[in-house]
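S.K.: give me a model of this one.
(one chain, ligands or ions: 1)
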Amino acid sequence: MSDTAFVPPDLIRSQFAQAMSDMYRTEVPLYGTLMELVAKVNADTLAADPALAAQLLRSGERERLDLERHGAIRVGTAAELAMLRRLFAVMGMHPVGYYDLSVAGVPVHSTAFRPIEADALSRNPFRVFTSLLRLELIENESLRAHAAQILARRQIFTAGALELIERHERDGGLGREQAGRFVAEALETFRWHGDATVSLASYRALSDAHKLIADVVSFHGPHINHLTPRTLDIDAAQAEMQRRGIDAKAVIEGPPRRRCPILLRQTSFKALEERVRFPGEGGAAQAGTHTARFGEIEQRGLALTPKGRALYDALLAQARDDDGAGSTGHDYDRRLAAAFATFPDDYETLRREGLGYFRYALTDAGRADPAAVADRKSVV
Ligand code: NI
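M.R.: Now for the predicted structure:
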(Lines give C-alpha, C1' and ligand atoms only; values in the text may rest on other atoms or scores of the structure.)
Protein backbone atom coordinates (compact mmCIF):
# COMPACT_ATOMS: atom_id res chain seq x y z
CA MET A 1 0.00 0.00 0.00
CA SER A 2 1.36 3.44 -0.86
CA ASP A 3 1.57 6.21 1.73
CA THR A 4 -0.99 8.28 -0.13
CA ALA A 5 -3.66 5.72 0.66
CA PHE A 6 -3.35 6.42 4.41
CA VAL A 7 -5.96 8.57 6.09
CA PRO A 8 -4.23 11.57 7.76
CA PRO A 9 -4.17 11.23 11.58
CA ASP A 10 -5.79 14.70 11.86
CA LEU A 11 -8.82 13.37 9.99
CA ILE A 12 -9.06 10.22 12.13
CA ARG A 13 -8.92 12.47 15.22
CA SER A 14 -11.74 14.67 13.88
CA GLN A 15 -13.89 11.63 13.11
CA PHE A 16 -13.19 10.16 16.52
CA ALA A 17 -13.95 13.43 18.37
CA GLN A 18 -17.25 13.69 16.50
CA ALA A 19 -18.13 10.05 17.22
CA MET A 20 -17.32 10.55 20.89
CA SER A 21 -19.48 13.67 21.03
CA ASP A 22 -22.39 11.81 19.41
CA MET A 23 -22.00 8.95 21.87
CA TYR A 24 -21.84 11.25 24.91
CA ARG A 25 -24.91 13.12 23.70
CA THR A 26 -26.84 9.83 23.71
CA GLU A 27 -25.45 8.79 27.10
CA VAL A 28 -25.88 12.18 28.80
CA PRO A 29 -28.75 14.09 27.11
CA LEU A 30 -27.96 17.19 29.20
CA TYR A 31 -24.64 17.39 27.29
CA GLY A 32 -26.70 17.84 24.10
CA THR A 33 -28.52 20.74 25.79
CA LEU A 34 -25.15 22.23 26.77
CA MET A 35 -23.82 21.98 23.20
CA GLU A 36 -26.91 23.68 21.84
CA LEU A 37 -26.69 26.42 24.48
CA VAL A 38 -23.00 27.06 23.76
CA ALA A 39 -23.59 27.22 19.98
CA LYS A 40 -26.26 29.88 20.53
CA VAL A 41 -24.13 31.93 22.95
CA ASN A 42 -21.21 31.79 20.50
CA ALA A 43 -23.36 32.89 17.55
CA ASP A 44 -24.81 35.79 19.60
CA THR A 45 -21.35 36.84 20.82
CA LEU A 46 -19.86 36.86 17.31
CA ALA A 47 -22.83 38.83 15.96
CA ALA A 48 -22.46 41.44 18.71
CA ASP A 49 -18.66 41.71 18.50
CA PRO A 50 -17.38 42.01 14.91
CA ALA A 51 -13.82 42.71 16.14
CA LEU A 52 -13.75 39.36 17.98
CA ALA A 53 -15.23 37.62 14.93
CA ALA A 54 -12.50 39.12 12.72
CA GLN A 55 -9.77 38.12 15.20
CA LEU A 56 -10.98 34.50 15.30
CA LEU A 57 -11.18 34.41 11.52
CA ARG A 58 -7.59 35.70 11.23
CA SER A 59 -6.21 33.14 13.68
CA GLY A 60 -8.08 30.29 11.98
CA GLU A 61 -10.11 29.62 15.15
CA ARG A 62 -13.52 30.57 13.74
CA GLU A 63 -13.82 27.44 11.64
CA ARG A 64 -12.87 25.03 14.38
CA LEU A 65 -14.81 26.75 17.19
CA ASP A 66 -17.77 24.37 17.02
CA LEU A 67 -15.49 21.33 16.86
CA GLU A 68 -13.30 22.34 19.73
CA ARG A 69 -13.55 20.32 22.93
CA HIS A 70 -11.60 18.36 25.51
CA GLY A 71 -12.54 15.21 27.38
CA ALA A 72 -11.29 13.38 30.45
CA ILE A 73 -10.84 9.74 31.42
CA ARG A 74 -9.20 7.74 34.21
CA VAL A 75 -7.44 4.41 33.86
CA GLY A 76 -6.39 1.84 36.44
CA THR A 77 -3.03 0.41 35.40
CA ALA A 78 0.23 1.43 33.75
CA ALA A 79 -0.42 -1.17 31.02
CA GLU A 80 -3.77 0.46 30.20
CA LEU A 81 -2.10 3.87 29.98
CA ALA A 82 0.68 2.47 27.76
CA MET A 83 -1.86 1.02 25.33
CA LEU A 84 -3.84 4.28 25.35
CA ARG A 85 -0.67 6.08 24.29
CA ARG A 86 -0.50 3.81 21.23
CA LEU A 87 -4.22 4.25 20.54
CA PHE A 88 -4.03 8.05 20.68
CA ALA A 89 -0.90 8.04 18.49
CA VAL A 90 -3.05 6.67 15.64
CA MET A 91 -4.94 9.99 15.83
CA GLY A 92 -1.82 12.16 16.08
CA MET A 93 -2.29 12.73 19.82
CA HIS A 94 0.70 12.62 22.16
CA PRO A 95 1.15 12.97 25.94
CA VAL A 96 1.93 16.57 26.94
CA GLY A 97 2.61 17.67 30.51
CA TYR A 98 2.57 15.90 33.85
CA TYR A 99 0.20 16.68 36.69
CA ASP A 100 0.52 15.17 40.15
CA LEU A 101 -2.98 15.50 41.56
CA SER A 102 -2.09 13.77 44.83
CA VAL A 103 -1.07 17.21 46.13
CA ALA A 104 -4.77 18.09 45.87
CA GLY A 105 -5.77 14.91 47.70
CA VAL A 106 -6.75 13.03 44.52
CA PRO A 107 -4.98 9.64 44.15
CA VAL A 108 -3.99 10.01 40.48
CA HIS A 109 -1.35 11.51 38.24
CA SER A 110 -2.19 12.74 34.77
CA THR A 111 -1.18 13.88 31.34
CA ALA A 112 -3.07 15.28 28.35
CA PHE A 113 -3.05 13.55 24.96
CA ARG A 114 -3.27 16.12 22.19
CA PRO A 115 -1.79 17.13 18.84
CA ILE A 116 1.52 19.01 19.09
CA GLU A 117 2.20 20.72 15.74
CA ALA A 118 0.55 24.10 15.03
CA ASP A 119 -1.01 22.76 11.81
CA ALA A 120 -2.53 19.75 13.54
CA LEU A 121 -3.79 21.90 16.42
CA SER A 122 -5.51 24.27 14.05
CA ARG A 123 -7.18 21.38 12.17
CA ASN A 124 -8.63 19.91 15.34
CA PRO A 125 -7.23 20.60 18.84
CA PHE A 126 -9.13 17.71 20.49
CA ARG A 127 -7.39 16.67 23.70
CA VAL A 128 -8.09 14.04 26.34
CA PHE A 129 -6.96 14.63 29.90
CA THR A 130 -5.92 11.18 31.11
CA SER A 131 -5.38 10.17 34.72
CA LEU A 132 -3.78 7.04 36.08
CA LEU A 133 -4.93 5.71 39.44
CA ARG A 134 -2.17 5.39 42.04
CA LEU A 135 -3.09 2.23 43.91
CA GLU A 136 -0.11 2.69 46.22
CA LEU A 137 -1.99 5.61 47.79
CA ILE A 138 -4.73 3.27 49.12
CA GLU A 139 -3.73 2.82 52.73
CA ASN A 140 -5.76 -0.30 53.49
CA GLU A 141 -3.53 -3.16 52.26
CA SER A 142 -6.23 -5.75 51.58
CA LEU A 143 -8.37 -3.20 49.74
CA ARG A 144 -5.34 -2.23 47.63
CA ALA A 145 -4.69 -5.90 46.74
CA HIS A 146 -8.37 -6.43 45.96
CA ALA A 147 -8.44 -3.40 43.61
CA ALA A 148 -5.26 -4.55 41.84
CA GLN A 149 -6.78 -8.01 41.34
CA ILE A 150 -9.97 -6.60 39.81
CA LEU A 151 -8.02 -4.34 37.46
CA ALA A 152 -5.73 -7.18 36.36
CA ARG A 153 -8.74 -9.13 35.09
CA ARG A 154 -10.20 -6.50 32.78
CA GLN A 155 -9.43 -5.69 29.13
CA ILE A 156 -10.53 -2.16 28.22
CA PHE A 157 -9.70 -2.44 24.49
CA THR A 158 -11.58 -4.46 21.88
CA ALA A 159 -9.68 -7.10 19.90
CA GLY A 160 -10.40 -5.04 16.78
CA ALA A 161 -8.86 -1.89 18.26
CA LEU A 162 -5.72 -3.78 19.31
CA GLU A 163 -5.35 -5.32 15.86
CA LEU A 164 -5.71 -1.94 14.13
CA ILE A 165 -3.25 -0.21 16.50
CA GLU A 166 -0.66 -2.88 15.64
CA ARG A 167 -1.41 -2.57 11.95
CA HIS A 168 -0.98 1.23 12.16
CA GLU A 169 2.42 0.79 13.80
CA ARG A 170 3.51 -1.86 11.32
CA ASP A 171 2.33 -0.18 8.10
CA GLY A 172 2.72 3.45 9.17
CA GLY A 173 -0.95 4.34 8.75
CA LEU A 174 -4.51 3.15 8.19
CA GLY A 175 -6.50 3.05 4.95
CA ARG A 176 -10.02 4.44 4.68
CA GLU A 177 -11.91 1.31 5.64
CA GLN A 178 -9.50 0.54 8.49
CA ALA A 179 -9.66 4.10 9.84
CA GLY A 180 -13.46 3.94 9.94
CA ARG A 181 -13.29 0.63 11.77
CA PHE A 182 -10.65 2.00 14.15
CA VAL A 183 -12.89 4.92 15.17
CA ALA A 184 -15.78 2.56 15.95
CA GLU A 185 -13.59 0.07 17.85
CA ALA A 186 -11.65 2.73 19.80
CA LEU A 187 -14.91 4.39 20.85
CA GLU A 188 -15.92 1.21 22.74
CA THR A 189 -13.17 1.81 25.31
CA PHE A 190 -14.80 5.10 26.39
CA ARG A 191 -18.41 3.93 26.51
CA TRP A 192 -20.43 4.02 29.72
CA HIS A 193 -21.43 0.64 31.16
CA GLY A 194 -24.35 0.56 33.55
CA ASP A 195 -23.27 -2.83 34.88
CA ALA A 196 -20.46 -2.75 37.43
CA THR A 197 -17.78 -5.46 37.65
CA VAL A 198 -17.82 -5.57 41.47
CA SER A 199 -20.45 -6.22 44.13
CA LEU A 200 -22.20 -3.31 45.80
CA ALA A 201 -20.27 -4.09 49.01
CA SER A 202 -16.91 -3.90 47.18
CA TYR A 203 -17.99 -0.71 45.44
CA ARG A 204 -18.79 0.89 48.80
CA ALA A 205 -15.47 -0.18 50.31
CA LEU A 206 -13.60 1.33 47.34
CA SER A 207 -15.74 4.45 47.45
CA ASP A 208 -15.03 4.92 51.14
CA ALA A 209 -11.28 4.94 50.37
CA HIS A 210 -11.91 7.57 47.64
CA LYS A 211 -14.89 8.09 45.32
CA LEU A 212 -12.53 8.23 42.38
CA ILE A 213 -11.01 4.83 43.18
CA ALA A 214 -14.49 3.29 42.95
CA ASP A 215 -15.06 5.09 39.64
CA VAL A 216 -11.89 3.63 38.09
CA VAL A 217 -11.96 0.12 39.55
CA SER A 218 -15.65 -0.86 39.50
CA PHE A 219 -16.41 -0.61 35.79
CA HIS A 220 -15.54 -2.31 32.49
CA GLY A 221 -13.53 0.63 31.21
CA PRO A 222 -12.59 4.32 31.41
CA HIS A 223 -15.93 5.92 30.52
CA ILE A 224 -15.52 9.50 29.35
CA ASN A 225 -16.52 11.59 32.37
CA HIS A 226 -16.93 14.97 30.68
CA LEU A 227 -16.61 16.48 27.24
CA THR A 228 -16.12 20.22 27.23
CA PRO A 229 -17.10 22.63 24.44
CA ARG A 230 -15.53 26.08 24.13
CA THR A 231 -17.66 29.17 24.61
CA LEU A 232 -16.82 32.77 23.76
CA ASP A 233 -18.84 34.15 26.70
CA ILE A 234 -18.91 31.94 29.75
CA ASP A 235 -20.91 34.42 31.85
CA ALA A 236 -23.71 34.32 29.28
CA ALA A 237 -23.48 30.51 29.14
CA GLN A 238 -23.62 30.27 32.94
CA ALA A 239 -26.64 32.60 33.12
CA GLU A 240 -28.38 30.58 30.40
CA MET A 241 -27.68 27.31 32.28
CA GLN A 242 -29.29 28.78 35.39
CA ARG A 243 -32.23 30.15 33.38
CA ARG A 244 -32.89 26.66 32.02
CA GLY A 245 -32.83 25.18 35.50
CA ILE A 246 -29.56 23.25 34.98
CA ASP A 247 -27.78 22.53 38.27
CA ALA A 248 -24.68 24.65 37.56
CA LYS A 249 -21.80 25.38 39.93
CA ALA A 250 -22.27 28.65 41.80
CA VAL A 251 -18.93 30.15 40.80
CA ILE A 252 -17.04 30.27 37.49
CA GLU A 253 -13.51 29.01 38.15
CA GLY A 254 -10.47 31.02 37.08
CA PRO A 255 -9.96 34.72 36.43
CA PRO A 256 -12.83 37.25 36.51
CA ARG A 257 -14.62 38.54 33.41
CA ARG A 258 -12.30 40.88 31.48
CA ARG A 259 -12.15 42.77 28.18
CA CYS A 260 -9.07 40.69 27.28
CA PRO A 261 -9.69 37.15 28.59
CA ILE A 262 -6.66 35.37 30.07
CA LEU A 263 -5.96 31.68 30.77
CA LEU A 264 -9.03 29.54 31.25
CA ARG A 265 -12.45 30.04 32.84
CA GLN A 266 -14.60 26.98 33.47
CA THR A 267 -18.00 26.11 34.83
CA SER A 268 -19.97 22.87 34.94
CA PHE A 269 -23.20 21.20 35.87
CA LYS A 270 -23.01 18.78 38.73
CA ALA A 271 -22.43 15.08 38.19
CA LEU A 272 -25.50 13.02 37.42
CA GLU A 273 -26.69 10.26 39.72
CA GLU A 274 -26.80 7.23 37.44
CA ARG A 275 -28.35 3.82 37.99
CA VAL A 276 -25.89 0.93 38.17
CA ARG A 277 -26.42 -2.84 38.39
CA PHE A 278 -23.96 -4.52 40.74
CA PRO A 279 -23.47 -8.28 40.44
CA GLY A 280 -24.74 -9.98 43.58
CA GLU A 281 -22.61 -12.48 45.49
CA GLY A 282 -25.10 -15.25 44.73
CA GLY A 283 -25.93 -14.22 41.17
CA ALA A 284 -28.87 -11.82 41.67
CA ALA A 285 -27.95 -8.25 40.68
CA GLN A 286 -28.31 -5.38 43.14
CA ALA A 287 -29.36 -1.89 42.10
CA GLY A 288 -27.31 1.15 43.13
CA THR A 289 -26.15 4.51 41.84
CA HIS A 290 -22.89 6.18 40.85
CA THR A 291 -21.98 9.82 40.19
CA ALA A 292 -19.01 10.61 37.99
CA ARG A 293 -20.14 12.19 34.77
CA PHE A 294 -20.79 15.90 34.44
CA GLY A 295 -20.96 18.68 31.86
CA GLU A 296 -18.32 21.38 31.63
CA ILE A 297 -17.88 24.55 29.54
CA GLU A 298 -14.67 26.51 29.08
CA GLN A 299 -13.69 29.94 27.82
CA ARG A 300 -10.12 30.24 26.64
CA GLY A 301 -8.01 33.36 26.87
CA LEU A 302 -4.50 34.66 26.34
CA ALA A 303 -1.71 32.27 27.42
CA LEU A 304 0.39 33.94 30.11
CA THR A 305 4.19 34.10 30.35
CA PRO A 306 5.77 33.02 33.65
CA LYS A 307 5.69 36.71 34.67
CA GLY A 308 1.98 36.98 33.83
CA ARG A 309 1.24 33.72 35.60
CA ALA A 310 3.03 34.84 38.78
CA LEU A 311 0.90 38.00 38.83
CA TYR A 312 -2.24 35.93 38.22
CA ASP A 313 -1.43 33.54 41.09
CA ALA A 314 -0.73 36.40 43.49
CA LEU A 315 -4.00 38.19 42.67
CA LEU A 316 -6.04 34.99 42.88
CA ALA A 317 -4.57 34.22 46.31
CA GLN A 318 -5.37 37.80 47.38
CA ALA A 319 -9.03 37.42 46.31
CA ARG A 320 -9.35 34.18 48.25
CA ASP A 321 -7.63 35.51 51.37
CA ASP A 322 -9.59 38.74 51.63
CA ASP A 323 -12.23 37.22 53.89
CA GLY A 324 -9.60 35.34 55.86
CA ALA A 325 -11.13 31.98 54.96
CA GLY A 326 -9.25 31.33 51.73
CA SER A 327 -12.59 30.48 50.21
CA THR A 328 -14.64 31.13 47.11
CA GLY A 329 -17.76 31.72 49.20
CA HIS A 330 -19.69 34.88 49.98
CA ASP A 331 -19.00 37.92 47.81
CA TYR A 332 -16.31 36.10 45.83
CA ASP A 333 -17.12 37.68 42.44
CA ARG A 334 -16.66 41.18 43.84
CA ARG A 335 -13.42 40.30 45.66
CA LEU A 336 -12.04 38.61 42.55
CA ALA A 337 -12.82 41.60 40.33
CA ALA A 338 -11.30 43.99 42.89
CA ALA A 339 -8.08 41.95 43.17
CA PHE A 340 -7.67 41.79 39.37
CA ALA A 341 -8.11 45.55 38.89
CA THR A 342 -4.30 45.77 38.82
CA PHE A 343 -3.91 43.17 36.02
CA PRO A 344 -3.63 45.20 32.76
CA ASP A 345 -6.71 44.67 30.59
CA ASP A 346 -5.68 45.85 27.13
CA TYR A 347 -3.58 43.80 24.70
CA GLU A 348 -1.05 46.56 24.10
CA THR A 349 -0.08 46.81 27.79
CA LEU A 350 -0.17 43.03 28.23
CA ARG A 351 2.24 42.70 25.32
CA ARG A 352 4.52 45.59 26.34
CA GLU A 353 4.84 44.33 29.91
CA GLY A 354 5.58 40.77 28.74
CA LEU A 355 2.59 39.26 30.55
CA GLY A 356 1.18 37.16 27.69
CA TYR A 357 2.23 35.34 24.53
CA PHE A 358 1.44 36.93 21.15
CA ARG A 359 1.68 35.87 17.53
CA TYR A 360 2.98 38.38 14.99
CA ALA A 361 1.87 38.68 11.38
CA LEU A 362 2.67 41.18 8.65
CA THR A 363 -0.05 43.84 8.21
CA ASP A 364 -0.93 45.69 4.99
CA ALA A 365 1.23 48.59 6.18
CA GLY A 366 4.11 46.20 6.78
CA ARG A 367 3.70 44.66 3.35
CA ALA A 368 3.84 48.11 1.75
CA ASP A 369 7.06 48.98 3.59
CA PRO A 370 10.09 47.65 1.67
CA ALA A 371 12.28 47.77 4.79
CA ALA A 372 9.89 45.44 6.59
CA VAL A 373 9.87 42.85 3.83
CA ALA A 374 13.48 43.15 2.69
CA ASP A 375 14.62 40.01 4.46
CA ARG A 376 11.58 37.92 3.58
CA LYS A 377 11.92 35.62 0.59
CA SER A 378 8.23 35.67 -0.21
CA VAL A 379 5.26 37.66 0.93
CA VAL A 380 1.77 36.24 0.78
NI1 NI B 1 -12.12 19.44 31.90
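S.K.: next one: phi and psi at the residue nearest to the spatial centre of the chain?
M.R.: Nearest to the mean C-alpha position of the chain, counting by CA atoms, centre = their mean, stands residue 70 at 3.1 Å. Backbone torsions for residue 70, taken as degrees, to the nearest 10, come to phi -130, psi 150.
S.K.: quick one: contacts for the closest residue to it other than its chain neighbours?
M.R.: Take residue 70 and drop its neighbours on the chain: the residue closest to it by CB to CB, 6 or more residues apart in numbering is residue 127, 4.7 Å away. In short, each C-beta sits where N, CA and C put it, glycine included. By CB atoms under 8 Å, 6 or more residues apart in numbering, the residues touching residue 127 are 70, 71, 93, 112, 113, 114, 115.
S.K.: identify the bridge partners of the second one.
M.R.: Residue 71 has these beta-bridge partners by DSSP bridges: residue 128, residue 227.
S.K.: I'd guessed it sits against residue 20; true?
M.R.: Yes: counting by CB atoms under 8 Å, residue 20 is a contact partner of residue 71 at 6.6 Å.
S.K.: mind listing what's buried in stretch 92-112?
M.R.: 92, 93, 94, 95, 106, 107, 108, 109, 110, 111, 112 (16 or more other CB atoms under 10 Å).
S.K.: which of those residues fall within strands?
M.R.: Within these, residues falling in strands by DSSP state E are 94, 95, 108, 109, 110, 111, 112.
S.K.: tell me which two of these sit farthest apart.
M.R.: Spatial extent of these (CB to CB) is set by the pair 94 and 108 at 19.7 Å.
S.K.: quick one on the thing from earlier: can I get the buried residues of stretch 92-112 in a markdown table with pLDDT and distance to the ion?
M.R.: Output for the buried residues of stretch 92-112, formatted as a markdown table (pLDDT from 0 to 100; distance: CB to the ion, whole Å):
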| residue | pLDDT | distance to the ion |
| --- | --- | --- |
| 92 | 98 | 21 |
| 93 | 98 | 16 |
| 94 | 98 | 19 |
| 95 | 98 | 16 |
| 106 | 92 | 14 |
| 107 | 94 | 18 |
| 108 | 96 | 14 |
| 109 | 97 | 16 |
| 110 | 98 | 11 |
| 111 | 98 | 14 |
| 112 | 98 | 10 |
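S.K.: contact partners for the residue of the stretch 51-200 of the chain found nearest the ion?
M.R.: Scanning the stretch 51-200 of the chain for proximity to the ion using CB to the ion identifies residue 72 as nearest, at 5.2 Å. Applying CB under 8 Å, 6+ apart, one finds that residue 72 lies in contact with 128, 129, 130, 131, 224, 225, 226.
S.K.: and the nearest residue to it once chain neighbours are set aside, what pLDDT?
M.R.: Spatial nearest neighbour of residue 72, excluding adjacent residues (CB to CB, 6+ apart): residue 129 at 4.2 Å. Here, the pLDDT recorded for residue 129 equals 97.
S.K.: give me the number of residues near residue 129?
M.R.: Neighbourhood size, residue 129 [other CB atoms under 10 Å]: 19.
S.K.: and residue 276, by the same measure?
M.R.: Other residues close to residue 276 by other CB under 10 Å number 20.
S.K.: surely residue 98 is in a strand?
M.R.: Yes: under DSSP: H, G, I helix; E, B strand; the rest coil, residue 98 falls within a strand.
S.K.: my read: it touches residue 112, true?
M.R.: No: in this structure residue 98 lies outside contact range of residue 112 using CB under 8 Å: 9.6 Å.
S.K.: give me the low-pLDDT residue ranges for the stretch 151-300 of the chain?
M.R.: Along the stretch 151-300 of the chain, segments meeting pLDDT under 70 are nowhere present.
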